[in-house]
Structures are given as structure tokens and as C-alpha cells.
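S.K.: From the sequence below, what's the structure:
(one chain, ligands or ions: 2)
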Amino acid sequence: MKSLQEHLSEAAAFHGESCPGQVLGVRLARAGLRSIGIDDPLSDRWRKNIIVFVEIDRCAADAIMVVTGCRVGKRTLKLKDYGIMAATFVNLESGRAVRVVAREEARKLAPSYAPGASGKYEQQRLAYAVMPEEDLCSFEDVEVSLPPEEMPGPPFSRVKCQKCGEHVQDGREQSTGGAVLCRSCAQGGYFVRRGRG
Ligand SMILES: [Zn+2]
Ligand SMILES: [Zn+2]
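M.R.: Residues are numbered from 1 along each chain as shown. Ligands and ions are numbered 1, 2, ... in the order given. This next block holds a predicted model:
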């Protein structure tokens, strides 16, 4: 495993700043990898054998991506936006899955780990780098379902939406009243169509 310092600078470079979320994300990712028995996530052995579920779409998600090497585009990083500062690390070789959650207490303890720092932001940024793991996060063993349509590799399936005609990959279609539809046709999407160009 690279040093904490290396991970912190790589994460800050990728994210564009060193912020409390980067530091926390780096620590969670290092703890998560270690808890599933992975020391060298970017090696050939592990590169394709780690999947991470990230539960927040904030700063820490970038750091977790950098440290684990997992990527949305490789299907090894799954964003489950629950708004919780947590991530689950899955070792595909052993099947072990551990969910790591940032402890609420860590926020309150930050000032005592960064006595010289002024302001909450700077206190947290410095404290999260040095705080012992037991104060920073908690761990739980979990089971994660990873069906074939969630796995890396070639597309699992590809079907045409019977309403809009767009193609849906990897089983994301829905069957509604006998019709096979994309999600936005089936249940309404994040956009409203205003005319095609
Ligand atoms: Zn940030
Ligand atoms: Zn559709």
C-alpha cells in the first residue's frame, strides 16, 4: 500500500483541493481495503477484483476512487447515493465485504487532534489525517448482491425501449404492462423531453 501521504496528495491533485472530505475518503478507503485483505489495490491481481459501493456523492467519493483504483466506467465503483459518509469494499476473490462508516464522533473529536488549527474546516482536514482509526470510522461485515448484470465485462444484455426506441443495457429496462421500457419511460426520469433536435 502506498503511504498515507502519497494517497493524500494524489487525492488532492485529482479532486482539485485538499479538503476534509478528501482526507476522510482516503482514510476510509485505506481502512476498507485493509479490512478485506487487500494491500495493493492497483496490482494486476486486485485491479479487477475489488468493487466499492460509495454512499455519498461528495468529496470523499473522489478520494475513494483514487485510493482503490475503482472507476464508474469500469463498473468497479457503484454510487449508491444515500447521503451517508460510508462505503462498502468487496473482495471478489474471497467474497468478503466490509462497510466502513465515518463516525459522527470524529467531527467532535477533530479539535483535540488538531489543536493548532483555526476553524472547523482546517481542524477536520488536519485531524482526519492523524486520528486513530477507532475514532474515525466503524466497520461492519455485510453481504452484497452482485448479479451478473452488475459485474465488469461485456454488456450483459441490450434491449430496445418500446416507447422511446433507445437501447438499454445490462438489465436496466423495466417490464410494465407487458411492454419493455427504459426507466425514464417506465417511471419518469430526471428530465422532461422538450423536443428532439
Ligand atoms: Zn472537497
Ligand atoms: Zn424509453
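
S.K.: other SSEs contacting the biggest helix by length in the chain?
M.R.: As assigned by DSSP state H, the longest helix anywhere in the chain is helix 20-35. Judged by 3 or more CB pairs under 8 Å, 6 or more residues apart in numbering; DSSP states H and E, the packing partners of helix 20-35 are helix 4-15, strand 50-54, helix 59-68, strand 86-91, strand 97-102, helix 120-130, helix 133-136, strand 137-141. C-beta coordinates here come from the backbone N, C-alpha and C atoms, glycine included.

S.K.: now the residue positioned nearest the centre of the chain, which residues is it bridged with?
M.R.: For the chain, the residue sitting closest to the mean C-alpha position, by CA atoms, centre = their mean, is Val54 at 2.6 Å. Val54 has these beta-bridge partners by DSSP bridges: Leu79, Ala87.

S.K.: And the protein, what are its domain boundaries?
M.R.: 4-147, 154-187 (automatic domain parsing).

S.K.: Just give the number of residues close to the nearest residue to Arg125 once chain neighbours are set aside.
M.R.: What sits nearest to Arg125 in space, not counting adjacent residues and going by CB to CB, 6 or more residues apart in numbering, is Pro20, at 4.7 Å. Using other CB atoms under 10 Å, Pro20 has 22 other residues around it.

S.K.: got any ranges where this structure has weak pLDDT?
M.R.: Within the chain, not a single segment meets pLDDT under 70.

S.K.: Which positions in it make contact with ligand 1?
M.R.: With CB under 5 Å from the ion as the criterion, the chain meets ligand 1 at residues 19, 21, 59.

S.K.: Isn't the last one up against Cys19?
M.R.: Translated: Cys59. Yes: taking contacts as CB atoms under 8 Å, Cys59 lies within contact range of Cys19: 5.3 Å.

S.K.: Keeping just the C-alphas, turn stretch 22-35 into PDB.
M.R.: Output in PDB follows, covering the C-alpha atoms of stretch 22-35 (Å, rounded to 0.1, in the frame of the first residue of the first chain):
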ATOM      1  CA  GLN A  22     -10.500  14.100   0.700                       C
ATOM      2  CA  VAL A  23      -8.700  13.100   3.900                       C
ATOM      3  CA  LEU A  24     -11.700  11.200   5.300                       C
ATOM      4  CA  GLY A  25     -12.200   9.400   2.000                       C
ATOM      5  CA  VAL A  26      -8.500   8.400   1.800                       C
ATOM      6  CA  ARG A  27      -8.700   7.100   5.400                       C
ATOM      7  CA  LEU A  28     -11.900   5.200   4.800                       C
ATOM      8  CA  ALA A  29     -10.600   3.600   1.600                       C
ATOM      9  CA  ARG A  30      -7.300   2.500   3.200                       C
ATOM     10  CA  ALA A  31      -9.200   1.100   6.100                       C
ATOM     11  CA  GLY A  32     -11.700  -0.600   3.900                       C
ATOM     12  CA  LEU A  33      -9.100  -2.200   1.600                       C
ATOM     13  CA  ARG A  34      -7.200  -3.500   4.600                       C
ATOM     14  CA  SER A  35     -10.300  -4.900   6.200                       C
END
